[in-house]
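[1] based on what follows, work out the 3D shape:
(one chain, ligands or ions: 1)
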Amino acid sequence: MNIYKKMTSTLKLLTKHQIVIKKNDKNRKTMKKLNQINRRDFLISSLATAALTPGIVQCVFCDQPQKKHVVVVWSENTAPKDVYPKDINNAIADSLKSLDGWEVIAASIDEPHQGLPDDLLKRTDVLIWWGHKRHDEVKNELVDKIYKRVTEEGMGFISLHSSHFAKPYKKLMGTACTWREYKADGTSVKIIVKDPNHPIAKGVKDFELPKIERYGEPFAVPEPEAVVLDGIYTKPDGKTEPGRMGMCWTVGKGKVFYFTPGHETYDDFFRKEVIQIMKNAVQWACPAK
Ligand code: ZN
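    Numbers count the residues shown, from 1 in each chain. Reported below is the predicted structural model:
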């Protein structure tokens with residue numbers, strides 16, 4: 001039965017029950033039973049009304065905001081505990097909790113369904129992904145579901161650092177996603193806001209990370225539609241080298257952002273500039289409702 005038919009029949013039931021209640025005034029038992037039916041039908045009716053009202057914010061039962069956006073922060077539980085005691089997923093998730101109108105969920109590969117059961121994936125607006133050592137363990141079936149959610153249903157996808165080799169990101173890009181080299185040798189980086197009008201750059205000024213794992217260009221991905229953040233690496237010998245730090249694509253119906261920093265032995269995800277970039281990226285990648 002579609003929702004309109006359900007509502008109409010519910011309203012008819014309500015009217016009918018009210019008439020019956022009047023006729024059976026003296027029969028308390030019958031009244032109690034009918035009132036229970038009324039309550040149930042009213043709840044169904046309320047729910048149907050809520051479902052039909054776009055942007056509803058109050059739950060009909062508990063006054064709690066009902067229709068928040070959902071961001072899931074996923075990681076693989078391999079970051080060193082002295083830097084990320086609760087792994088990278090929770091570090092990022094904790095920093096996103098101040099985002100108004102968002103439900104923030106941390107998920108891990110070690111949870112059932114690798115942290116993304118169908119019902120959660122279905123209601124996820126933006127999925128943030130950090131992986132490094134366990135890419136191959138991610139089930140292809142899950143990768144296909146993520147790909148479909150992004151390309152066909154508009155879920156946003158944010159790929160962090162070593163997740164350039166994450167299966168979902170590679171499938172979305174459709175290329176090798178290799179960098180020329182990978183060096184954690186004490187290189188630092190100046191991150192430059194290249195596209196200050198882009199939503200991901202909102203409130204972000206150029207900043208430095210004292211250490212970064214250097215990912216050497218070129219990066220084997222499709223040409224980004226925006227390079228929001230550029231970077232200049234300074235190697236231990238003082239020589240400099242450019243490298244892109246934040247890139248955007250649209251893949252099918254979904255938005256995709258890749259952020260180059262985020263090596264697990266550095267505290268990038270506790271830094272205020274990086275937190276601001278994550279918050280901006282989540283809001284940018286959110287599909288329009
Ligand atoms: Zn790394």
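[2] where does pLDDT dip in this protein?
    Low-confidence segments of the chain, defined by pLDDT under 70: 1-66, 289.
[3] near the ion, which residues of the protein?
    162, 213, 263 (CB under 5 Å from the ion). Just so you know, the C-beta spots here come from the backbone N, C-alpha and C atoms, and that holds for glycine as well.
[4] if we use 8 Å, what do you get?
    Residues of the chain lying close to the ion (CB under 8 Å from the ion) are 132, 161, 162, 182, 184, 213, 262, 263, 264, 265.
[5] apply the buried test to those residues and list what passes.
    132, 161, 162, 213, 262, 263, 264 (16 or more other CB atoms under 10 Å).
[6] which of these sits closest to residue 275?
    Of all these, residue 275 sits closest to residue 262, with 12.0 Å by CB to CB.
[7] what secondary structure does that closest one sit in?
    For residue 262, the assignment made with DSSP: H, G, I helix; E, B strand; the rest coil gives coil.
[8] contacts only, for the closest residue in space to it that isn't next to it in sequence.
    Counting by CB to CB, 6 or more residues apart in numbering, residue 262 lies nearest to residue 161, which is 3.3 Å off, once chain neighbours are set aside. Each residue near residue 161 by CB atoms under 8 Å, 6 or more residues apart in numbering is listed here: 130, 132, 213, 259, 260, 261, 262, 263.
[9] the third one: what's it in contact with?
    Which is residue 213. Contacts of residue 213 (CB under 8 Å, 6+ apart): 161, 182, 183, 184, 187, 263, 266.
[10] pretty sure the second one is touching residue 243, no?
    Just to be clear, that refers to residue 182. No: with contact defined as CB atoms under 8 Å, residue 182 does not reach residue 243; the gap is 11.4 Å.
[11] which neighbours do these two have in common?
    214, 215, 216.
[12] excluding chain neighbours, what is closest to the residue of the chain found nearest the ion?
    Proximity of the chain to the ion (CB to the ion) peaks at residue 263, 3.5 Å away. Take residue 263 and drop its neighbours on the chain: the residue closest to it by CB to CB, 6+ apart is residue 213, 4.0 Å away.
[13] I'd guess residue 244 is in a strand, am I close?
    No: according to three-state DSSP, residue 244 belongs to no strand; its state is coil.
[14] and it, how many neighbours?
    Using other CB atoms under 10 Å, residue 244 has 19 other residues around it.
[15] contact partners for it?
    Residue 244 neighbours (CB under 8 Å, 6+ apart): 217, 219, 224, 227, 229, 230, 231, 260.
[16] do residue 149 as well
    Under the criterion of CB under 8 Å, 6+ apart, the neighbours of residue 149 are 121, 122, 124, 127, 155, 254.
[17] let's see that with 10 Å instead.
    116, 121-122, 124-125, 127, 155-157, 168, 252-254, 287 (CB atoms under 10 Å, 6 or more residues apart in numbering).
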